[in-house]
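> what shape does this take:
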Amino acid sequence: MSIKKIRGRHIFIYLALFTLIIAAWVFIFSPKTSKPSEEIVLVDTTQLIKPLPVKEKYLGFYKDSIEVLESRIKRNQNVAEILQPYNIKPQKIHQLAQISKPIFDLRKINTNRNYKLILDLDSIKTAKAFVYEPNAFEFIVFNLQDSLYVTKHLKEADTVQKEISGIIYNSLYQDMVDRGASAELVNRFVDVFGWQVDFFRIQKEDKYKILYEEIVVDDQVVGIGKIHGGFFEHFNSQYYAVNFDQGKGEDFFDLEGHSLRKAFLRAPVEYTRISSRYSGRRFHPVLKRYKSHLGTDYVAPRGTPIRAVGDGVVSEARFKKYNGNYVKIRHNGTYSTQYLHMSSIAKGMRPGTKVKQGQTIGYVGSTGLATGNHVCYRFWKNGVQVDPLRVKIPPSEPILENFLDDYNQQKNKIVAALDSISYPQDNKVVFARIQ
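Just a heads-up that it's a prediction; the model follows:
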């Protein structure tokens, strides 16, 4: 074979190898082509995972696992009688009564008070808790599960601003109640103006206006809150009362800043009727003869609380043949008061006991020389009995100079609100608002 032929083959082989190398390089390093991929969709996984529903609770128990039974305490009913039908054993009731004493004594549940039983939602109906309402403002939870415990709770209360006005045609009490006022509001209003107005000599067409608060619990009015101000027109004289606190508690003041409150309340019982006044000569209904009557008789239902008219110290608290059950209080070196014919004397009343103005010291009755339920109220000044409705009593502290500007602002607001209230012409309550 010639040299030329051999070299030609080698060249051919080199070209083939070179071509293969180029093809391999192109195959390896050239961009790959692929089939078109499907569109990528982003998924919000939070939409796929649904949160578990939140279970509602009532007093710490899941609502979907309990049944609530509501009722009232019946006469002579006790806790054992209530709980035993719901699988609570006497031993457990005894233990509950012992641990609850620091918070509430279960022996003191009262007739007609509301209670609830929280029961298991099954066929056995075992009691899980006993809920008792001792008053309108609070409730007590007696937990009956494995771990016995007792808790006291305040109910949620709302304060509603109210105003009322009226013209008197019968009596202050009856006319105010007819217009929607509670007995508590009447009594507190009388106390505000007790030394400015003789409420036992009310005249026809005397007028009144009151700005006050009602306390509402469970959509029910349960009491009277703050009285912001009041107005009374008596014998064509006009009297304003403005509530103001100058650092020593709320008090009522007139337009000049003088206190309306005296050292003593006007009467020892809330608004009632005088059956007999202080007199040097009165025909005695029991003795059937004329004699002096150095007291003032207030007629009230048996059991009505009798209150101390002022701060002081009890000097006597006992029974005497003619006085019946009575309490005598020494207020200071000048004044003393006495309260006769009580059905009973309040607990703790004994010589040396300190009492506060308005504190209950006994209850209306007819013990001693008396024909009906009343309290005979007697008043001493410098050792001499005087007519408590005529004696001049020193007032409390007036508005202090450093509070005068604040008081005048409050006074102007309250007086403007009172003046904006019109008197009803159709026996309906008229309302206004404090700005």
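
> for my notes, confirm residue 404 occurs in a strand.
No - counting by DSSP: H, G, I helix; E, B strand; the rest coil, residue 404 is not found in a strand; it is helix.

> residue contacts, it?
residue 257 (Cβ atoms under 8 Å, 6 or more residues apart in numbering). Where you see a C-beta, it was placed from the backbone N, CA and C, and this is true even at glycine.

> report the longest strand in the protein, please.
For the chain, the strand with the greatest residue count under DSSP state E is strand 220-234.

> elements contacting that strand?
On a contact count with 3 or more Cβ pairs under 8 Å, 6 or more residues apart in numbering; DSSP states H and E, strand 220-234 meets helix 183-192, strand 207-217, strand 237-245, helix 404-419.

> mean pLDDT added to these, as CSV?
Listed next are the helices and strands packed on strand 220-234 as CSV, based on pLDDT from 0 to 100:
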stretch, mean pLDDT
helix 183-192, 91
strand 207-217, 95
strand 237-245, 95
helix 404-419, 96
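
> between the ones you listed, which one is nearest to residue 347?
Closest approach to residue 347 among these is made by helix 183-192 (22.9 Å; Cβ to Cβ).

> show me which residues of the closest one are buried.
By 16 or more other Cβ atoms under 10 Å, the buried positions in helix 183-192 come out as 185-186, 188-192.

> closest one of the residues you listed to residue 316?
For the buried residues of helix 183-192, the nearest to residue 316 is residue 191 (26.1 Å; Cβ to Cβ).

> the closest one and residue 266 touch, don't they?
Yes - assessed by Cβ atoms under 8 Å, residue 191 is found in contact with residue 266 at 7.4 Å.

> sorry, back to before: JSON lines for the helices and strands packed on strand 220-234, including distance to residue 387?
Putting the helices and strands packed on strand 220-234 into JSON lines (distance: least, Cβ to Cβ, whole Å) gives the following:
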{"stretch": "helix 183-192", "distance to residue 387": "19"}
{"stretch": "strand 207-217", "distance to residue 387": "26"}
{"stretch": "strand 237-245", "distance to residue 387": "22"}
{"stretch": "helix 404-419", "distance to residue 387": "32"}
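
> closest to residue 156 out of those?
strand 207-217 (7.3 Å).

> quick one, the closest one and helix 404-419 angle?
Using axes from the mean of the first three to the mean of the last three Cα atoms, to 10 degrees, the inter-axis angle of strand 207-217 relative to helix 404-419 is 100 degrees.

> show me what strand 207-217 is packed up against.
strand 157-167, helix 183-192, strand 220-234, helix 404-419.

> so where's the stretch 201-350 of the chain shaky on pLDDT?
In the predicted model of the stretch 201-350 of the chain, residues 272-273, 275-293 satisfy pLDDT under 70.

> rerun that using 90 as the cut-off
201-204, 218-222, 234-236, 247-250, 261-267, 270-296, 299, 332-334 (pLDDT under 90).

> before we move on, back to that, what pairs with the longest strand of the chain, and is each one parallel or antiparallel?
strand 207-217 (antiparallel), strand 237-245 (antiparallel) (DSSP bridges).

> how far is the shortest one from where the chain is centred?
The chain centroid and the centroid of strand 237-245 are separated by 24 Å, computed with Cα atoms, centre = their mean, to the nearest Å.

> report the buried residues of it.
For strand 237-245, the neighbour count (16+ other Cβ under 10 Å) marks 239-244 as buried.

> which members of those residues are the farthest-apart pair?
Top of the distance list for those (Cβ to Cβ): 239 and 244, 15.9 Å.

> contact partners of stretch 314-328?
By Cβ under 8 Å, 6+ apart, stretch 314-328 touches 306, 329-330, 336-345, 349-355, 361-362, 365-370.

> give the buried residues for it.
For stretch 314-328, by 16+ other Cβ under 10 Å, it's 314, 316-317, 323-328.
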